[in-house]
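Visitor: I'd like to go over a predicted model; first the sequence, then the structure.
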Amino acid sequence: MQTTIHVTINGKKRSDTVEPRLLLIHYLRETVGLTGPHIGCETSICGACTVNVDGKAIKSCAMFAVQANGCDVLTIEGLARDGKLDPMQQAFWNEHGLQCGFCTPGMIMTAKQILERNPHPTEAEIRDGLGGNLCRCTGYQHIVNAVKAVAAGKGA
Amino acid sequence: MISQQFEYSAPATLQEALDLLANEGAKPLAGGMSLIPMMKLRLAAPEQLIDIGRLRELNYIRREGEQMHIGAGTTHWDVESSPIVRAHCPLLSETVSNIGDIQVRNRGTIGGSAAHADPSADYPAAFCALEAQFKLVKKGGERVVGASDFFVDMLTTALESGEIIAEVIVPVEQRGTGVSYQKCVQPASGFAIVGVAVRVSSEFVRIGVTGLGAKAYRATNAEEIYTSTHDAAKAAAVVADGADSNSDIHASASYRKHLARIYTQRALKEAASRMG
């Protein structure tokens, strides 16, 4: 019971033969070797595994790799360009939007989706948008500040 | 957490999917936001998954006369962000934006939520208030079932083996109708401890309740009282009468009933203020 999938990950095409029950997060971490997306709760609550599939932020612990067949997957590793951090990554750095860093890859992927859909969100909209990503260190204040900074054009 | 082994097929057409779903042990997979967590917990262990999440045939939103037709595979985000839905069925827009989080709404589908029939899901409150109709299809058959007959019990619907929802049909809201969805959210899961969807106009009122009992229901007794009195408090007072209320660590049965009354009152008042 193996299926071959063809996926574009961070701009690179690849094909792999996988068991249908392999979750996308395990495929990314163990088959592809991208350990940026993290495994937190494994119950689609915490959002640490958030990656972007075909333009949409999704929880990769709640999706089978076979469902990503033919899709474009973007992980935290695919954001920086030529050694330059993505504005959202830079803003998390500037604003101290992390302490232990465990939730950060998922936070950043979700935060980018929030601004793609609503470039100038209110603080309430940012907090609501990040509702599916849990952070146990920061109390969220600096994370929200980072998203606000990017919205204000201060990410880079 | 890894699910049990299963065979996976991704049919290219709805017809092909229905042929495969006629097999014993086959289960449809759409967004997977309910099924995959259940498979990981091994509460569900289908032998064969038929991926209907890629079928464009099930992914559309269109207005036909006085009805909105929404393909069962339409994601929560597609409903939430649809200008047609916002203009013609604002109760669905408001309700769907309350489901889960961005990531869940990006994957979860309207048909999947209905078919899963979680007693705490948001959508069913709106389906009841809207008297939604579900077009169900299976190999060699098609039928339409109304929301009140579709939701049978906890996680149980009128869907037969091999049958899937193809489309959800809801009325186009007429000018002068106010709507509201009021929800007491369980903060960790995002599910509704109680959620109440209301549509009200000078001619009618509809009240749908989720989270209180084993299945979402239309509170016709409260509707009748509101119709005759236009008093939100009096109508809300009976909304939980006769309901077999759920009880868990988040809310006891009597507290849930209390919440249903409070949130019904809020929803009625908010909807009435939006009648315009």
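Guide: Received the coordinates, thanks. In this text the structure is predicted, and so the values were computed from the model without any measurement.
Visitor: tell me which parts of chain A are close to chain B?
Guide: Residues of chain A found near chain B, taking C-beta under 8 Å from any C-beta of the partner chain as the criterion, are A:1, A:3, A:19-21, A:23, A:42-45, A:47, A:50, A:56-59, A:62-64, A:66-67, A:69, A:110, A:113-114, A:117, A:129, A:131-133. Where you see a C-beta, it was placed from the backbone N, CA and C, and this is true even at glycine.
Visitor: Show the buried residues in those.
Guide: The neighbour-count test (16 or more other C-beta atoms under 10 Å in any protein chain shown) applied to those identifies A:3, A:19-21, A:23, A:42, A:44-45, A:47, A:50, A:56-59, A:62-64, A:66-67, A:69, A:110, A:113-114, A:129, A:131-133 as buried.
Visitor: Which members of these are positioned in strands?
Guide: Of these, the ones assigned to strands by DSSP state E are A:3, A:50, A:56-59.
Visitor: Turn the residues you listed into TSV, columns for pLDDT and distance to B:Tyr263.
Guide: Conversion of these to TSV gives the following (pLDDT from 0 to 100; distance: C-beta to C-beta, whole Å):
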residue	pLDDT	distance to B:Tyr263
A:Thr3	95	45
A:Thr50	98	31
A:Lys56	98	31
A:Ala57	98	30
A:Ile58	98	31
A:Lys59	98	28
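Visitor: of these, closest to B:Glu80?
Guide: Of all these, B:Glu80 sits closest to A:Lys56, with 12.4 Å by C-beta to C-beta.
Visitor: What is the burial count for residue 89?
Guide: All of this refers to chain A. One way to gauge burial is a neighbour count; for A:Gln89, by other C-beta atoms under 10 Å in any protein chain shown, it gives 22.
Visitor: um, chain B though
Guide: For B:Cys89, the count of nearby residues is 27 (other C-beta under 10 Å).
Visitor: Contacts only, for it.
Guide: Taking C-beta atoms under 8 Å, 6 or more residues apart in numbering or on different chains as the criterion, B:Cys89 is in contact with B:68, B:130, B:170-173.
Visitor: rewinding a little: among the residues of chain A next to chain B, which ones are in helices?
Guide: A:110, A:113-114, A:117, A:129 (DSSP state H).
Visitor: Relative to chain A, which residue of the stretch 1-150 of chain B is the closest?
Guide: Taking C-beta to the nearest C-beta as the measure, the point where the stretch 1-150 of chain B comes nearest chain A is B:Asp101, at 2.6 Å.
Visitor: shouldn't that residue be in contact with A:Arg127?
Guide: No - under the criterion of C-beta atoms under 8 Å, B:Asp101 lies out of contact with A:Arg127, with a separation of 11.5 Å.
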